[in-house]
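**Q** test case, fold it:
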Amino acid sequence: MKLKATIILLLLTGLTFAQKAKKSKTAITIAPKEVFVSDLLSKMTLEEKLGQLNLPTSGDITTGQANSSNIAKKIEEGKVGGLFNIKSVKKIKEVQKIAVEKSRLKIPLLFGMDVIHGYETTFPIPLGLSCTWDMNLIKRSAQIAAQEASADGINWTFSPMVDISRDPRWGRVSEGSGEDPYLGSQIAKAMVSGYQGDDLMKNNTILSCVKHFALYGAPEGGRDYNTVDMSKLRMFNEYLPPYKAAIDAGTASVMASFNEIDGIPATGNKWLLTDLLRKQWGFKGFVVTDYTAIMEMSEHGIGDMQTAAAMALNAGVEMDMVSDGFLSTLQKSLNEGKVSLAQIDNAVRLILNAKYDLGLFHDPYKYCDANRAETEIFTSSHRSEAKKIAIESLVLLKNENQTLPLKKSGTIAVIGPLADAKENMAGTWSVATKQENSISLIAGINSVVGNSAKILYAKGSNLDYDAALEERATMFGKTLHRDNRTTEELLSEALKIANQADVIVAALGESAEFSGECSSRTNLEIPQAQKDLLQALLKTGKPVVLVLFDGRPLVITDESKTVPAILNVWFAGSEAGYAIADVLFGNENPSGKLTTTFPRSVGQVPIYYAVKNTGRPLGNKEGIFEKFKSNYIDERNEPLFPFGFGLSYTSFDYSNLRLSSAVMNTNQTLKASVDITNTGNFDGKEVVQLYIRDLVGSITRPIKELKGFQKINLKKGEKQTVTFEITVEDLKFYNSDLQFVAEPGKFQVFIGTNSDTTNKIEFDLVN
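**A** Okay, the predicted model is just below:
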């Protein structure tokens with residue numbers, strides 16, 4: 001009570017926390033969170049409470065015009081709880097000043113941004129990041145992103161996106177970590193830990209927001225925002241684990257997804273946001289909607305804005321992004337008894353708690369240090385780390401006759417619409433990136449090769465024959481500078497250069513915005529204009545290396561047959577050109593492994609490794625059609641490249657798989673070991689993968705599930721024993737009653753270089 005009285009005294013004397021912080025160069029000491037927030041909440045009018053639940057976009061705010069912007073009046077009236085899509089310390093400080101010096105209660109704002117895979121220093125797209133299989137590097141990428149974003153005034157990121165996706169037609173597969181719930185869970189924990197650190201009071205940490213809760217990555221037809229419909233068993237065993245991992249890691253906020261679940265939009269789904277998220281999982285933070293999601297519930301057929309807003313609040317949403325539904329309708333709903341004041345107060349309390357945890361009440365300008373903005377963003381050390389991480393993300397898919405690494409000699413032709421496309425190197429959802437600072441492939445090659453070889457360049461083709469499609473796939477300033485020459489003229493120039501070269505590097509694939517939000521595709525092949533270019537280059541008889549840019553698994557069945565070497569580079573970030581060149585010329589040995597299955601045909605989609613057997617499984621591995629078996633009449637069953645696949649310039653031999661015991665008790669730990677030898681001519685890294693199969697269960701179980709992995713570094717000729725510990729937790733699953741159980745019985749353990757390994761051994765689990 002003494003502390004509470006002190007706060008009240010300060011307010012009565014006109015020295016608010018904001019004013020006191022302004023006068024002091026250091027953060028002030030205020031009451032403990034529960035006391036402070038309760039006291040503040042008691043002073044708020046209903047309109048001010050609803051204002052804290054309102055998250056508009058920054059709109060028309062520009063430097064020097066914050067006070068005259070349309071949003072400024074609302075902030076001054078206490079009708080805004082936070083803003084997003086505003087960048088730079090100067091702008092943010094101007095806006096925060098309105099909140100803490102002109103509004104009645106001086107409550108600071110949250111400032112959010114889609115800091116998805118880096119800030120100005122940009123890392124590989126999240127799908128590429130996942131292919132490093134290195135949790136330390138992934139965590140580090142989030143730490144650097146938080147440091148740079150916080151240095152520029154941002155204190156909240158709408159990341160990580162942890163949606164499991166097994167359908168590469170969906171464009172946002174680029175923004176996630178692939179198809180596997182176990183790997184996705186490890187990455188979710190690493191990202192949350194990277195953003196938030198161990199103390200949100202520090203000025204280089206920010207709030208994370210796990211998204212999109214839930215099941216957003218499984219839309220029908222792979223079409224963004226589309227209906228999602230699945231059983232509870234599939235939800236709990238395959239799609240929910242990464243969200244749960246992020247909650248357990250302490251994420252401060254959760255974003256509700258656009259899709260419906262069991263016929264109810266996630267934004268208004270009480271089972272999802274209250275029963276599961278809060279009561280079952282114990283989430284203590286706040287829930288924010290996705291962009292205009294409350295408004296969009298009307299299109300789902302839920303009702304008008306008032307109905308949708310009341311439904312969202314009752315379901316467990318605390319902050320309304322852009323719809324303005326809470327601010328404009330909740331007072332009426334309260335008067336009509338459709339929502340309660342207790343619900344509104346609880347939502348406001350959670351928002352204020354987050355601001356307190358960030359230290360904004362101690363110092364509302366803690367993220368507004370101009371010196372940090374000048375010295376901690378896009379630094380040489382951050383760029384160096386970004387390059388290192390980018391190198392680890394690249395996946396070598398084919399290397400026939402050791403075409404790679406290339407020699408730094410002779411004449412090298414670099415051809416393709418993505419060879420000199422620095423604006424595209426950062427990939428989709430690179431909101432804060434300064435595209436002009438990114439390194440293109442041709443720039444990277446010139447830097448690495450220097451004067452040791454002659455480098456020739458030609459564009460060869462446009463991204464696609466269809467100019468309108470190319471425009472849709474190069475939004476947000478990520479132009480490919482469409483060439484208005486004829487197809488014949490472009491090809492003629494490319495072939496002239498190719499015929500002078502000893503080797504051809506073909507930079508082909510998708511542009512940055514060919515994947516990402518609202519970039520769903522029905523055709524997963526390389527655009528035809530580029531396929532025609534590639535075929536012409538192959539006909540020269542010169543060795544061709546395909547450097548494949550993409551934000552999703554592509555169908556490259558034809559290319560895998562005809563091109564000697566294929567390096568999948570995703571969109572590797574601001575240092576992409578340097579990283580790719582280092583791998584192409586052998587300065588670095590590729591070690592990335594796929595986290596999504598590459599289909600042979602779009603007709604195989606959805607496709608993933610952790611399938612269940614049917615009662616009529618195909619009985620051969622040769623792809624031979626069998627009538628009355630589960631197979632296609634016109635295509636093989638297996639993928640082009642399996643989950644976990646990735647080659648190296650060296651080779652690894654697996655031998656002597658063994659278990660510490662053939663029997664495991666539920667309170668014991670089992671050790672699985674394997675010997676791995678680098679049998680090639682290069683030092684290299686290998687991702688050793690452990691899979692488990694539950695042979696008999698009360699419900700049908702997948703033929704394999706990833707349960708562990710280790711990334712090791714072996715010098716050529718070196719041998720190492722890798723050991724995994726298997727606990728009963730690794731054997732648990734949700735049964736038909738949604739109980740998380742491990743059932744006694746026989747299990748198989750696989751350890752190998754990818755999910756297709758047949759290297760296995762068995763044990764029995766007993767009570």
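**Q** quick one: the strands in the stretch 301-450 of the chain?
**A** Secondary structure of the stretch 301-450 of the chain by DSSP state E, counting those that start in this stretch: the strands cover 320-321, 395-399, 411-415.
**Q** just checking: what are the partner strands of the first one?
**A** Each strand that pairs with strand 320-321, with its direction, by DSSP bridges: strand 54-55 (parallel).
**Q** contacts for the strand it pairs with?
**A** 74, 79-84, 110, 112, 288, 319-322, 324, 326-327 (Cβ atoms under 8 Å, 6 or more residues apart in numbering). (Glycine included, C-beta is placed from N, CA and C.)
**Q** try it again with 7 Å
**A** 79-82, 84, 288, 319-322, 324, 326-327 (Cβ atoms under 7 Å, 6 or more residues apart in numbering).
**Q** need the next SSE after it, C-terminal direction.
**A** Heading C-terminal from strand 54-55, the first helix or strand you meet, by DSSP states H and E, is helix 70-76.
**Q** related to what we said a few turns ago, in CSV: the strands of the stretch 301-450 of the chain, plus distance to I699.
**A** Formatted as CSV, the strands of the stretch 301-450 of the chain follow (distance: least, Cβ to Cβ, whole Å):
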stretch, distance to I699
strand 320-321, 38
strand 395-399, 34
strand 411-415, 52
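**Q** any idea which of the ones you listed is most buried?
**A** strand 320-321 (a mean of 28; mean count of other Cβ atoms under 10 Å).
**Q** hang on, the earlier thing: closest one to V611 out of the contacts of strand 54-55, please.
**A** V288 (34.9 Å; Cβ to Cβ).
**Q** before we move on, the earlier item: could the strands of the stretch 301-450 of the chain go into CSV alongside mean pLDDT?
**A** Below are those laid out as CSV (pLDDT from 0 to 100):
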stretch, mean pLDDT
strand 320-321, 98
strand 395-399, 99
strand 411-415, 98
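**Q** what's the neighbour count on the closest residue to A458 other than its chain neighbours?
**A** Of all residues not flanking A458 in the chain, A494 sits nearest, at 4.3 Å (Cβ to Cβ, 6 or more residues apart in numbering). A494: 25 surrounding residues under other Cβ atoms under 10 Å.
**Q** secondary structure element for A494?
**A** helix 487-498.
**Q** residues contacting that helix, please?
**A** 413, 415, 456, 458-461, 483, 504, 533, 536-537, 540, 542.
**Q** repeat that for stretch 137-149.
**A** 113, 115, 117-121, 123, 129, 132, 157, 187, 190-191, 193-195, 204-206, 376-377, 382, 385, 389, 392.
**Q** which of those fall in helices?
**A** 129, 187, 190-191, 193-195, 382, 385, 389, 392 (DSSP state H).
**Q** turn those residues into CSV, including pLDDT and neighbour count.
**A** Below are these laid out as CSV (pLDDT from 0 to 100; neighbours: other Cβ atoms under 10 Å):
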residue, pLDDT, neighbour count
L129, 98, 31
I187, 98, 29
A190, 98, 25
M191, 98, 32
S193, 98, 20
G194, 98, 24
Y195, 98, 28
H382, 98, 24
E385, 98, 19
I389, 98, 26
E392, 98, 24
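**Q** which one of the residues you listed is nearest to G573?
**A** I389 (7.6 Å).
**Q** I'd say the closest one and C131 touch.
**A** No - I389 lies out of contact with C131 (Cβ atoms under 7 Å); the separation is 10.6 Å.
**Q** residues near E120, how many?
**A** 22.
**Q** now R636
**A** R636: 18 neighbours (other Cβ under 10 Å).
**Q** now do F709
**A** With other Cβ under 10 Å as criterion, F709 counts 21.
**Q** backbone dihedrals for it, both of them.
**A** The phi and psi values for F709, taken as degrees, to the nearest 10, are phi -160, psi 150.
**Q** from K244, how far off is it?
**A** Per Cβ to Cβ, to the nearest Å, F709 is found 19 Å from K244.
**Q** how about Y356?
**A** In this view, Y356 and K244 are 26 Å apart by Cβ to Cβ.
**Q** same thing with P543?
**A** On the measure of Cβ to Cβ, P543 and K244 end up 48 Å apart.
**Q** show me the contacts for G78.
**A** Counting by Cβ under 7 Å, 6+ apart, G78 has contacts 47-48, 51, 103-105.
**Q** so of these, which ones are in helices?
**A** Those of those lying in helices (DSSP H): 47-48, 51.
**Q** which of the residues you listed sits closest to N667?
**A** For the ones in helices among the contacts of G78, the closest approach to N667 (Cβ to Cβ) belongs to G51, at 53.2 Å.
**Q** among the ones in helices among the contacts of G78, which ones are buried?
**A** 48, 51 (16 or more other Cβ atoms under 10 Å).
**Q** rebuild the ones in helices among the contacts of G78 as a markdown table, extending it with distance to D167.
**A** Formatted as a markdown table, the ones in helices among the contacts of G78 follow (distance: Cβ to Cβ, whole Å):
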| residue | distance to D167 |
| --- | --- |
| E47 | 44 |
| E48 | 44 |
| G51 | 40 |
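**Q** dump the ones in helices among the contacts of G78 to JSON lines, plus pLDDT.
**A** What follows is those, written out as JSON lines (pLDDT from 0 to 100):
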{"residue": "E47", "pLDDT": "98"}
{"residue": "E48", "pLDDT": "98"}
{"residue": "G51", "pLDDT": "98"}
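**Q** returning to that earlier point: can you redo the contacts of G78 as JSON lines with distance to D39?
**A** Listed next are these as JSON lines, based on distance: Cβ to Cβ, whole Å:
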{"residue": "E47", "distance to D39": "19"}
{"residue": "E48", "distance to D39": "14"}
{"residue": "G51", "distance to D39": "18"}
{"residue": "S103", "distance to D39": "17"}
{"residue": "R104", "distance to D39": "15"}
{"residue": "L105", "distance to D39": "11"}
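**Q** between the residues you listed, which sits nearest F724?
**A** For the contacts of G78, with F724 as the reference and Cβ to Cβ as the criterion, the closest is G51, at 51.9 Å.
**Q** how many neighbouring residues does E318 have?
**A** 28.
**Q** excluding chain neighbours, give the residue nearest to L534 in space.
**A** A506 is the one closest to L534 (Cβ to Cβ, 6+ apart), at 5.7 Å.
**Q** Y365 is nearest to which of the strands of the stretch 301-450 of the chain?
**A** Short answer: strand 320-321, nearest of the strands of the stretch 301-450 of the chain by Cβ to Cβ, at 24.4 Å.
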